[in-house]
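Visitor: Sequence first, predicted model second:
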Amino acid sequence: MPNDLGGQLGSAFDAFVSSAVVQMFLTALVFYLFVVWLAAAFWAFRDMHERTENPVLPYLASTLIILFTPFLFYLGVIVYRVVRPSERLGEVYERNLAEEALLAEVEAIKTCPGCDKRVDPEWIICPWCRMRLNRVCPNCERLVGLDWTICAWCGKDFERAAAERQVRAPVPQAAAQAGMAATPARAASSRISDSKPAIGG
């Protein structure tokens, strides 16, 4: 009796499986799994391509999915999601841009080199430590940096002007020294002329 029941169940199952509807469903299911398997491999390739600059890793990612066959490819997807880089290249690029923008903003804040307090770029002297921050161009009267060798506004050459002042400075001093040396000589000659008796006197 049990053998007859088992045989009947087996024959019924065989008839169910061999029916045209079930065969069509199984074929569609296998085809669906095959398409999803290839789509998962392509997705892994594209996803890895967006996360690394290494040209080999995208092919390795898709190969990992393919090796798990159409029936176990979801295990390969799980493994891939665990080992893949956490950030895409675009996200890394945007984060680097944000960090550079923040760094540039911090560097744009001018501080006093003497007391490290925040100062205005238009200030000439630090109001806290009295350190000189800028100077005024003698030609255009605009603010210039202390380390500037030429005015960016009018083209005034500070090094050339300083050199000209150094060249002109010794000339009056030498003339004064020559005048001071000539004064005693003139005084002595005047005394000699005064001591001579007048002719015909």
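Guide: Everything's here; your move. The shown structure was predicted, so the numbers you read here are calculated from the model rather than taken from an experiment. Numbers count the residues shown, from 1 in each chain.

Visitor: helix or strand right after the longest helix seen in the chain?
Guide: In the chain, with assignment by DSSP state H, the single longest helix is helix 20-49. Using DSSP states H and E, the helix or strand that follows helix 20-49 in sequence is helix 57-67.

Visitor: residues of that next one that come out buried?
Guide: By 16 or more other C-beta atoms under 10 Å, the buried positions in helix 57-67 come out as 57-58, 61-62, 64-65. To be clear about C-beta, it is placed using only N, CA and C from the backbone, and glycine gets the same treatment.

Visitor: what's the answer for stretch 147-154, then?
Guide: Within stretch 147-154, the residues that qualify as buried are residue 151, counting by 16+ other C-beta under 10 Å.

Visitor: related to what we said a few turns ago, counting contacts, what elements does the longest helix of the chain pack onto?
Guide: Here helix 20-49 touches helix 57-67, helix 69-83, going by 3 or more C-beta pairs under 8 Å, 6 or more residues apart in numbering; DSSP states H and E.

Visitor: so which of those helices comes closest to residue 131?
Guide: Closest to residue 131 of these, according to C-beta to C-beta: helix 57-67, at 55.0 Å.

Visitor: got the CA coordinates for that closest one in CSV?
Guide: Output of helix 57-67 as CSV, limited to C-alpha atoms (Å, rounded to 0.1, in the frame of the first residue of the first chain):
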residue,chain,number,x,y,z
LEU,A,57,39.4,45.5,-11.0
PRO,A,58,36.1,46.0,-12.9
TYR,A,59,36.8,42.8,-14.8
LEU,A,60,37.7,40.9,-11.6
ALA,A,61,34.4,42.1,-10.1
SER,A,62,32.3,40.8,-13.0
THR,A,63,34.3,37.6,-13.0
LEU,A,64,33.5,37.1,-9.4
ILE,A,65,29.8,37.2,-10.1
ILE,A,66,30.1,34.9,-13.1
LEU,A,67,32.0,32.3,-11.1
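
Visitor: what's the closest of the buried residues of helix 57-67 to residue 147?
Guide: residue 57 (49.2 Å).

Visitor: quick revisit: buried residues, the longest helix of the chain. List them.
Guide: Result for helix 20-49 [16+ other C-beta under 10 Å]: buried residues 37, 40-41, 43-45, 47-49.

Visitor: Which of those sits closest to residue 24?
Guide: residue 37 (20.2 Å).

Visitor: didn't the closest one look like it was pressed against residue 74?
Guide: No: Residue 37 is beyond contact range of residue 74, at 9.2 Å (criterion: C-beta atoms under 8 Å).

Visitor: Quick check: phi and psi at residue 123.
Guide: phi -80, psi 150 (degrees, to the nearest 10).

Visitor: Give me the pLDDT for it.
Guide: Among the per-residue scores, residue 123 shows a pLDDT of 90.
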